[in-house]
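# need a 3D model of the following:
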Amino acid sequence: MKLDLRDVVELTIRFCEGLGDSRALTVAILVRYGEWDQLVSLSCDPYHYQTATAYASANASTSFLRKMKGLPTSFDQMATAYSRWDSGESDCYFTNERLERYLPEHCASGDRVEGIAEFISAVRKRIQSWIGFGPNDLTVGRHGPGSTFSDRVRRGVKPTIAHKMQNRPSFTGGAIWYLPQWYGTQWGSSCASRSVDPLKVKGNRFAVAPKDAKTHRGIAAEPSINIFFQLGLGSELRSRLRTIGLDLENGQRIHQMVAAEASITGDFATLDLSNASDTLASVAVKLLLPERWFSALDALRSPFTLIRGKWVRLEKFSSMGNGYTFELETLIFAALAAEAMAAAGHKPTAGRNLFVYGDDIIIPTSAVRSVTAVLRFFGFSLNPEKSFSDGPFRESCGGDFYNGVNVRGVYLRDVPTEPQHWIRTANSVRISHDRAHRGLPVGMSRAWFFALDRIPTDIRRCRGPQALGDAVIHDEPARWSVKWKHGIRYVRTFLPVSGDGVPFGRFHPSVVLACATLLTAWNDGCITPPSSVSGHKVGWTAYS
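Numbers count the residues shown, from 1 in each chain. Predicted structure coming up:
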């Protein structure tokens, strides 16, 4: 269905007029004449700007529509996602070829370089000192919020835990060793009582998630039993990483703080890897991890992907969508960076001069060359548009900073049609202009009021602080709609209402029991799908 972009065009033009710089003029012209391909291909290089204000302003207009869904561009987002997947597999193939000679079974190979072999051994010892010889004997599994190989999103609604337990579960051949443990869970017991045998499959299913107007992000839907235990191993890895200073629970906030400081001092570089999870080669994982850890992870990985209607044997170890990929890549990137830093004369300490969160890496600026060389040898490449080691700009984990100033642009991801969409849009406009001009300029108010005019009067009274997110229209304290009760201040808000739940009567009693043992919330005899919203309503929220 063709989108009605008239409001988006008018909003963006007013938004750009409020910014008032040359890049904003370019964006306004492209939007006015529907040059969508050129618009979403624009980039904004912080090295081309002399001040934080100048960069923030230019970046605000450049970013505004870059991730909007449904823009009428000529880009084939699926084709690009497939191409990136193919490229990742090709890169992993060559990485596996390069690294295979360093496996223990090839220790007599004349192709080995002794210095590289010693480096690999040192990384392996470091990883073992961080996470131990292997995981716990019994992995405590858990369900994730997304779809699986056997549980798909239906009509835009994600499957609940109850659906996953009711449907026929799936597993790969390697995961067969986990079946006795699985049968010992209430989920497995429920399937046994209903004579539902797990389905053996070759691997995962290729899927995509929205990324930007030019491409989708490739992910994988894992077999349901595999991902149940993958998530358990991921949690165990996460716990062990925390003990050595890599706190993934608070990683984004920590990275943003370090990046902000580094943009002032220049002491640290922020590195981002391109297509990281799709270039984590299987031989690299086998080389670097302790044997028991590798065996456990390898048993639960998917060795094949169903893509374009065909099963393809994977050169990568695991994809995004695998329940432990994030923790595994954090571990490997951190260990490689730490050993490269040590070889270059640094004393690496996680949480002090080494920060890793997935493929976001922060290291001392003086170590960039050695760390980059090591990462490249293991098949990883830097994303030059998101990696910074000099100048006043740093970016990490969604935080962009120029001399300590937050200059990140705000994205309009969907065409606004409902009041809650226009509230989010008005707030995005305000945040962007505040970052660009350190205040609320007169020109910007035209875009802001344009968004407010599309919100019903009653809802438009929901004004409040930025801390309440998009439940309120961000405004000055004098315009907040508040009331006091028992000494507590309440702010008028526009809040989402949970979507209609699925009655538990639709599920087998053994499934209901299994959900109860997992402390799954049943509201009024129903289970609500993840992120399910049936609407919004005006209410009051306590705010101190």
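# got phi/psi on the closest residue to residue 318 other than its chain neighbours?
Once flanking residues are discounted, residue 318 sits nearest to residue 325: 4.6 Å by CB to CB, 6 or more residues apart in numbering. No exception for glycine: its C-beta is placed from N, CA and C like everyone else's. As for residue 325, its main-chain torsions (degrees, to the nearest 10) stand at phi -60, psi -40.
# output the lowest mean pLDDT helix or strand found in this protein.
strand 526-527 (a mean of 73; mean pLDDT, DSSP states H and E).
# give me the packing partners of the longest helix along the chain, helices and strands only.
Secondary structure assigned by DSSP state H gives helix 77-99 as the longest helix of the chain. Packing partners of helix 77-99 (3 or more CB pairs under 8 Å, 6 or more residues apart in numbering; DSSP states H and E): strand 203-210, strand 216-221, helix 282-288.
# what residues does that helix touch?
206, 208, 211, 213-218, 275, 278-284, 287, 307-308, 312, 314-316, 377-379 (CB atoms under 8 Å, 6 or more residues apart in numbering).
# swap in 6 Å and give it another go.
When contacts are defined by CB atoms under 6 Å, 6 or more residues apart in numbering, helix 77-99 is touched by residues 208, 215-216, 218, 275, 278-279, 281, 283-284, 287, 315-316, 379.
# any chance of the helices and strands packed on helix 77-99 in a markdown table, plus distance to residue 401 and mean neighbour count?
Formatted as a markdown table, those follow (distance: least, CB to CB, whole Å; neighbours: other CB atoms under 10 Å):
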| stretch | distance to residue 401 | mean neighbour count |
| --- | --- | --- |
| strand 203-210 | 26 | 20 |
| strand 216-221 | 25 | 22 |
| helix 282-288 | 32 | 22 |
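# could I get those as a markdown table with distance to residue 134 and mean pLDDT?
Listed next are the helices and strands packed on helix 77-99 as a markdown table, based on distance: least, CB to CB, whole Å; pLDDT from 0 to 100:
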| stretch | distance to residue 134 | mean pLDDT |
| --- | --- | --- |
| strand 203-210 | 24 | 93 |
| strand 216-221 | 25 | 93 |
| helix 282-288 | 14 | 97 |
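# right, and the ones you listed - which one's nearest residue 490?
Evaluated over the helices and strands packed on helix 77-99, closeness to residue 490 peaks at strand 203-210, with 35.3 Å, by CB to CB.
# put the alpha carbons of the closest one into CSV.
Output of strand 203-210 as CSV, limited to C-alpha atoms (Å, rounded to 0.1, in the frame of the first residue of the first chain):
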residue,chain,number,x,y,z
GLY,A,203,19.2,-25.5,11.3
ASN,A,204,17.7,-22.0,11.6
ARG,A,205,15.6,-19.9,9.2
PHE,A,206,16.8,-16.7,7.6
ALA,A,207,14.7,-13.7,8.6
VAL,A,208,15.0,-9.9,8.6
ALA,A,209,14.4,-7.0,10.9
PRO,A,210,14.0,-3.3,10.0
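# chain center to that strand, what's the gap?
Relative to the mean C-alpha coordinate of its chain, strand 203-210 is positioned 15 Å out (CA atoms, centre = their mean, to the nearest Å).
# what lines up beside it in the sheet?
strand 216-221 (antiparallel), strand 304-307 (parallel) (DSSP bridges).
# and the ones you listed: which comes nearest residue 506?
Residue 506 sits nearest to strand 216-221 of all the strands paired with strand 203-210, at 22.9 Å, using CB to CB.
# so what touches that closest one?
Residues from elsewhere that reach strand 216-221, judged by CB under 6 Å, 6+ apart: 77, 81, 85, 147-149, 204-205, 207-209, 211, 319-321.
# rewinding a little: output the helices and strands packed on helix 77-99 in TSV; the columns should cover distance to residue 459.
Putting the helices and strands packed on helix 77-99 into TSV (distance: least, CB to CB, whole Å) gives the following:
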stretch	distance to residue 459
strand 203-210	27
strand 216-221	33
helix 282-288	51
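# buried by neighbour count: which residues of the helix or strand following the longest helix of the chain qualify?
Per DSSP states H and E, helix 77-99 leads on to helix 114-131 as the next helix or strand towards the C-terminus. Across helix 114-131, burial judged by 16 or more other CB atoms under 10 Å covers 119, 120, 123, 124, 126, 127, 128, 130, 131.
# helix 114-131 vs helix 77-99, what angle?
Angle, helix 114-131 to helix 77-99, by axes from the mean of the first three to the mean of the last three CA atoms, to 10 degrees: 110 degrees.
# I'd like to know which elements helix 114-131 is packed against.
On a contact count with 3 or more CB pairs under 6 Å, 6 or more residues apart in numbering; DSSP states H and E, helix 114-131 meets helix 282-288, helix 325-343.
# contacting residues around it?
Contact with helix 114-131 is made by 102, 240, 244, 287, 288, 290, 335, 339, as judged by CB under 6 Å, 6+ apart.
# dump the residues you listed into JSON lines; add distance to residue 400 as well.
Putting those into JSON lines (distance: CB to CB, whole Å) gives the following:
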{"residue": "102", "distance to residue 400": "38"}
{"residue": "240", "distance to residue 400": "31"}
{"residue": "244", "distance to residue 400": "28"}
{"residue": "287", "distance to residue 400": "35"}
{"residue": "288", "distance to residue 400": "32"}
{"residue": "290", "distance to residue 400": "37"}
{"residue": "335", "distance to residue 400": "28"}
{"residue": "339", "distance to residue 400": "29"}
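# what ranges do the helices span in the stretch 351-500 of the chain?
368-377, 419-437, 444-452, 457-460 (DSSP state H, counting those that start in this stretch).
# could you list the low-pLDDT ranges of the stretch 101-250 of the chain?
108, 155-157 (pLDDT under 70).
# make it 90
Where the stretch 101-250 of the chain drops to pLDDT under 90, the residues are 104-113, 136-140, 144-147, 150-163, 209-215.
# which SS class is residue 142?
When classified by DSSP: H, G, I helix; E, B strand; the rest coil, residue 142 comes out as coil.
# now do the contacts for it.
By CB under 6 Å, 6+ apart, the residues touching residue 142 are residue 231.
# got it, and residue 205?
Going by CB under 6 Å, 6+ apart, residue 205 touches 149, 221, 306.
# the residue nearest to residue 514 when sequence neighbours are not counted: how many residues sit nearby?
Of all residues not flanking residue 514 in the chain, residue 186 sits nearest, at 3.6 Å (CB to CB, 6+ apart). Neighbours of residue 186 under the rule other CB atoms under 10 Å: 16.
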